[in-house]
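Predicted model follows, preceded by the sequence.
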Amino acid sequence: MESAILRRRALAACTATVAIGALALAGLTGTASADPAAPLPTPAADAQQLSPGLLKAMHRDLGLTESRARARIGREARAAVVAADLERSLGADFAGARVSGDTADLTVATTDAGQAARIGNAGAEAVVVDHSLAELNTAKAALDRQAWRQAPSGVPVWYVDIASNRVVVQAADVSAADAFLAAAGVRDGLVTVRRTSEQPRTFADLRGGDAYYMNGQGRCSIGFPVRRGTQSGFVSAGHCGTPGVSTSGYNQQAQGSFQGSTFPGRDYSWVATNANWTPRALVNGYGNADVTVAGSTEAIEGASVCRSGSTTGWHCGTVQQRNTSVTYQEGTVSGVTRTNVCAEPGDSGGSFISGSQAQGVTSGGSGNCSQGGTTYFQPVNPALQAYGLTLVTSGTPTDPPTNPPTGGTWAVGANYNAGDVVTYGSDSYRCLQAHLAQTGWTPADTPALWQRI
């Protein structure tokens, strides 16, 4: 069986060579327009909102001038809206979308060659592939279920790779991958095995990226400030603490305590803070201007993304694959996003942001910021949904309306795509950009998200 599988698979050498890191290290736990050039009414595409610190980091890590960085982020935001519209219209034939290069050229894959014209008319390049995104996600879900039953030995990472139209399994050797695939019942025709020496570990070490301490000892980083009703707090990584663990801020002053935490399986948590801490819609720029958080629209594969953490500050790169699973010493975490942004112990929990849109909290990875590496982040929207939290943003009312209208189909916690139509009170509204509805983001109060019709 092994020799037959070897003939059908591509084995690629990966260069990550980091030894296994522990959780503790030296005391630091550690409907869109068819025209892709059309202006997009979304905070993510407003280049004037980008902070100097983010632009500086993109220049250092991606080699982009300020004007090219602004243009790229705007194009990525437009591409995300077009991709969401095509995903809805293609249905079961949709096989994923990604952007590439400084120009953020959009490529959309489909299993039906007859849909190529539709994709081209929307301003994207069409690629015809064998497997739908749903088929690949189903195969990956089978691997996830097997990993939750028993963490695989020698198989640190697996993910759906849009570019290759395969589920990629990274393994120390082929036999380890074979055993994992066989136990999960996943057929070989959907999978590419890539040899790796990567050994991910968590970066465990009210502004995103700021340091905080658990029980006065281990250190992590704040993801994003949030609210739950009138209670303020922040989201971070689940491996940073368990419910009841107390926290202190970067200044070692009493801060709050963990209210919810999930790890492994997922890697998110939320901390409720005391009245001395005021949540701000900001991410720490570490020596440059802070970055303003305007929303949480998810970036697609190939998009630029930057990270803020209390150990290494600002670093940027690109989204490699979403819906990735990674196995740490403590267990498997699924649904994270794989990036080529570096991180180190103490950066755990810190902010990942694309333009002005919150993406997620740092989970773990391999490598470091001297030699480069791979880092995984837990998307922020599932964390908000799991705990009933509202992201603190620049364009969102701090409190829900005092007299909201009754009736309508709009609902907090629902995922909306561009072009969706809802009713709120007696009026109808069309969604302008994909987002997860938060308390206070009512159609009547957020013209950047909704257009009255």
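Looks like it arrived, so ask away. Everything numeric in this text was worked out from a predicted model, so none of it was measured. Residues are numbered from 1 along each chain as shown.

Once you drop chain neighbours, what's closest to residue 262?
residue 238 (4.7 Å; C-beta to C-beta, 6 or more residues apart in numbering). The way it works is simple: take the backbone N, C-alpha and C, and place the C-beta from them, glycine included.

now the host helix or strand of residue 70, how far from the chain's geometric center?
Element membership for residue 70 (DSSP states H and E) is helix 66-90. The chain centre lies 16 Å from the centre of helix 66-90; the measure is C-alpha atoms, centre = their mean, to the nearest Å.

which residue sits closest to the most centrally placed residue in the chain in space, ignoring its chain neighbours?
A centroid search over the chain (C-alpha atoms, centre = their mean) returns residue 379, at 3.7 Å, as the residue closest to the centre. Nearest in space to residue 379, with sequence neighbours left out and distances taken as C-beta to C-beta, 6+ apart, is residue 360 at 4.4 Å.

give me every residue that touches the one you found.
Shown in contact with residue 360 (C-beta atoms under 8 Å, 6 or more residues apart in numbering): 223, 336, 337, 352, 377, 378, 379, 380.

in the host helix or strand of it, what counts as buried?
Per DSSP H and E, residue 360 falls inside strand 357-368. Within strand 357-368, the residues that count as buried by 16 or more other C-beta atoms under 10 Å are 357, 358, 359, 360, 361, 362, 363, 364, 365, 366, 367, 368.

Next, the angle from it to helix 66-90.
Here strand 357-368 points in a direction 110 degrees away from that of helix 66-90 (axes from the mean of the first three to the mean of the last three C-alpha atoms, to 10 degrees).

Please pull up the helix or strand immediately following strand 357-368.
strand 372-379.

before we move on, back to that, need the pLDDT of the residue nearest to the centre of the chain.
Residue 379 is assigned 97 on the pLDDT scale.

from memory it sits against residue 336, does it?
Yes. Using C-beta atoms under 8 Å, residue 379 makes contact with residue 336 at a distance of 7.4 Å.

where in the chain is pLDDT low?
The chain contains residues with pLDDT under 70 at 1-49, 203-205, 288, 395-406, 413, 433, 438-440, 447-448.

how about the helices of it, start to end?
Along the chain, the stretches classed as helices by DSSP state H are 2-8, 52-62, 66-90, 116-121, 133-149, 174-184, 380-387.

Which among these is found nearest to residue 373?
helix 52-62 (12.5 Å; C-beta to C-beta).

contact partners of that closest one?
Under C-beta under 8 Å, 6+ apart, the answer for helix 52-62 is 64-66, 69-70, 285-291, 304, 306, 314-318, 341, 353, 355.

Send me that helix as CSV with only the CA atoms.
Output of helix 52-62 as CSV, limited to C-alpha atoms (Å, rounded to 0.1, in the frame of the first residue of the first chain):
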residue,chain,number,x,y,z
PRO,A,52,1.7,54.2,9.5
GLY,A,53,2.8,51.3,11.7
LEU,A,54,1.0,48.7,9.6
LEU,A,55,2.3,50.2,6.4
LYS,A,56,5.9,50.3,7.8
ALA,A,57,5.7,46.6,8.7
MET,A,58,4.3,45.7,5.3
HIS,A,59,7.2,47.5,3.7
ARG,A,60,9.7,45.6,5.9
ASP,A,61,8.2,42.2,5.6
LEU,A,62,6.5,42.3,2.1
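
relative orientation of that helix and helix 66-90 in degrees?
Going by the same axes, to 10 degrees, helix 52-62 makes 80 degrees with helix 66-90.

Make residue 1 into 68 and carry on from there
All set: I'll call the first residue 68, so the last point we hit is now helix 119-129.

between helix 119-129 and strand 439-446, how big is the angle?
Going by the same axes, to 10 degrees, helix 119-129 makes 130 degrees with strand 439-446.

Now helix 119-129: buried residues?
120, 121, 122, 123, 124, 125, 128, 129.

Distance check, residue 185 against residue 135.
Plainly put, residue 185 is 30 Å away from residue 135 if you go by C-beta to C-beta, to the nearest Å.

Just the buried ones among the contacts of helix 119-129, please.
Looks like the contacts of helix 119-129 have 131, 136-137, 352-353, 355, 357-358, 371, 373, 381-385, 408, 420, 422 buried, using 16+ other C-beta under 10 Å.

Just to be sure, which of these are found in strands?
358, 371, 373, 381, 382, 383, 384, 385, 420 (DSSP state E).

Save the residues you listed as CSV, and put in distance to residue 228 too.
As requested, those are exported to CSV (distance: C-beta to C-beta, whole Å):
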residue, distance to residue 228
358, 29
371, 19
373, 23
381, 27
382, 23
383, 22
384, 17
385, 14
420, 24
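
now for those residues, which pair is the farthest apart?
Farthest apart among these by C-beta to C-beta are 358 and 385. That separation is 17.4 Å.

hang on, the earlier thing: which helices and strands sit right next to the helix holding residue 137?
Counting contacts by 3 or more C-beta pairs under 8 Å, 6 or more residues apart in numbering; DSSP states H and E, helix 133-157 packs against helix 119-129, strand 161-167, strand 172-177, helix 183-188, strand 371-376.

now what about the second one, what contacts it?
Among residues not part of strand 161-167, those counted as contacts by C-beta under 8 Å, 6+ apart are 142-143, 146, 150, 153-154, 172-178, 191, 194, 196, 198-201, 203, 227, 229-230, 232, 367-370.

Which parts of the stretch 168-317 of the chain are strands?
Using DSSP state E, counting those that start in this stretch, the strands of the stretch 168-317 of the chain run over 172-177, 192-195, 224-228, 233-238, 258-262, 268-269, 278-281, 285-288, 291-295, 298-303, 313-316.

Which of those sits closest to residue 399?
strand 224-228 (9.4 Å).

Check the contacts of residue 427 against residue 213 and report the nearest one.
Looking across the contacts of residue 427 and measuring by C-beta to C-beta, the closest to residue 213 is residue 403, at 17.2 Å.

quick revisit: which stretch among the strands of the stretch 168-317 of the chain comes nearest residue 461?
strand 291-295 (11.6 Å).

and the closest one, what other elements does it pack with?
strand 298-303, strand 335-340, helix 447-454, strand 457-458.

Dump the ones you listed to JSON lines, plus distance to residue 508 and mean neighbour count.
Formatted as JSON lines, the helices and strands packed on strand 291-295 follow (distance: least, C-beta to C-beta, whole Å; neighbours: other C-beta atoms under 10 Å):
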{"stretch": "strand 298-303", "distance to residue 508": "17", "mean neighbour count": "25"}
{"stretch": "strand 335-340", "distance to residue 508": "19", "mean neighbour count": "26"}
{"stretch": "helix 447-454", "distance to residue 508": "11", "mean neighbour count": "20"}
{"stretch": "strand 457-458", "distance to residue 508": "8", "mean neighbour count": "24"}
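
Tell me the spacing between the closest residue to residue 258 other than its chain neighbours and residue 259.
Once flanking residues are discounted, residue 258 sits nearest to residue 234: 5.0 Å by C-beta to C-beta, 6+ apart. Distance check for residue 234 against residue 259: by C-beta to C-beta, it reads 7 Å.
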